[in-house]
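J.: Task: produce atomic coordinates for the following.
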Amino acid sequence: MTDKHLHFLGIAGSLRSGSFSAALLAEMVGMSDTHIRITAFPLRDVPLYNADLEPAPGHAPAPVLELRRAIEAADGLVLVSPEYNYGMSGVLKNALDWASRPAYKSVLKGKPVLIISNSPGALGGARAQIQLRQTLFGTLSRVVARPEIAVAHVATKLTEGRLTDEPTRSHFKEGLADLAAEVARARG
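T.: Residues are numbered from 1 along each chain as shown. Presented below is the predicted three-dimensional model:
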């Protein structure tokens, strides 16, 4: 993949205990190796976006500042979103809205991003991926150009919160390799 140790920040777009997105992200964290380290950032303390809570640049609530610092320190992002009502989760959209400030100069600008979606249905959250791509385009992020990783029938691929589906695990590894390659391209 790369000679340099890379750090990817993972964000699951669900707050629910027993979240499929969090379980999938935990599996990715477990794929950390000598070249790639993945850490998860929980969104439970990030408040709803409200520009009034940031009266001046850099004076946002502490959880927002922590989110921005974590994104800035990471070489790339892994976003894992469920699909709710044909779109990405509000929790993930909210985090991206906070992280996207200041506009066009945020920690998301130029940041390589791997998108993974999931759903109990047959499409695996493919429609959520469309919204995520559109939002990340607006933040000037570098979404990894690759076949979508959309985990369909997600409940059948997890056993007691562990990913037991080898083809999905293989897609995750390929996605991480593609994210590492995108980081290398971004660095020129």
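
J.: buried stuff in the longest helix seen in the chain?
T.: Longest helix in the chain, counting residues (DSSP state H): helix 166-187. Neighbour-count burial for helix 166-187, with 16 or more other CB atoms under 10 Å as criterion, is recorded at 168-169, 171-172, 175-180, 182-184. Any C-beta I mention is one placed from the backbone N, CA and C, and that applies to glycine too.

J.: Residues in contact with that helix: which ones?
T.: 1-2, 6, 8, 24, 27-28, 31, 35-36, 38, 75-76, 78, 110, 112-114, 116, 142, 144-146, 149, 151, 157, 163 (CB atoms under 8 Å, 6 or more residues apart in numbering).

J.: So which of these belong to strands?
T.: Of the contacts of helix 166-187, the ones assigned to strands by DSSP state E are 6, 8, 36, 38, 76, 78, 112-114, 116, 142, 149, 151, 163.

J.: Need these in TSV (columns: pLDDT, distance to G188 and neighbour count).
T.: Output for these, formatted as TSV (pLDDT from 0 to 100; distance: CB to CB, whole Å; neighbours: other CB atoms under 10 Å):
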residue	pLDDT	distance to G188	neighbour count
L6	98	16	20
F8	98	19	24
I36	96	20	23
I38	98	24	23
G76	98	15	25
V78	98	22	28
P112	98	13	25
V113	98	18	24
L114	98	20	23
I116	98	26	28
R142	98	12	19
I149	97	26	23
V151	97	33	26
L163	95	34	20
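
J.: Quick check: the farthest pair among those?
T.: Spanning the widest gap among the ones in strands among the contacts of helix 166-187 are R142 and L163, at 26.2 Å by CB to CB.

J.: in the protein, which ranges drop under the pLDDT threshold?
T.: Residues of the chain meeting the criterion pLDDT under 70: 1-3.

J.: repeat that with 90
T.: Along the chain, the parts satisfying pLDDT under 90 run over 1-4, 57-58, 188.

J.: for the residue nearest to the spatial centre of it, what are its contacts?
T.: Nearest residue to the geometric centre of the chain (CA atoms, centre = their mean): L79, 1.3 Å. L79 makes contact with 10-11, 13, 92, 113-116, 132 under the criterion CB under 8 Å, 6+ apart.

J.: From S141, how far off is it?
T.: Using CB to CB, to the nearest Å, L79 is found at 10 Å from S141.

J.: list residues touching both of those two?
T.: Both L79 and S141 are in contact with V113, where contact means CB under 8 Å, 6+ apart.

J.: ok, A128 to E174 distance?
T.: Plainly put, A128 is 20 Å away from E174 if you go by CB to CB.

J.: Could you do S14 as well?
T.: 23 Å.

J.: Same check on R68?
T.: From R68 across to E174, the span is 29 Å (CB to CB).

J.: So what's the residue count around M88?
T.: Neighbour count of M88, defined by other CB atoms under 10 Å: 27.

J.: Let me fix that, I meant to ask about S17.
T.: Using other CB under 10 Å: S17 sits among 6 other residues.
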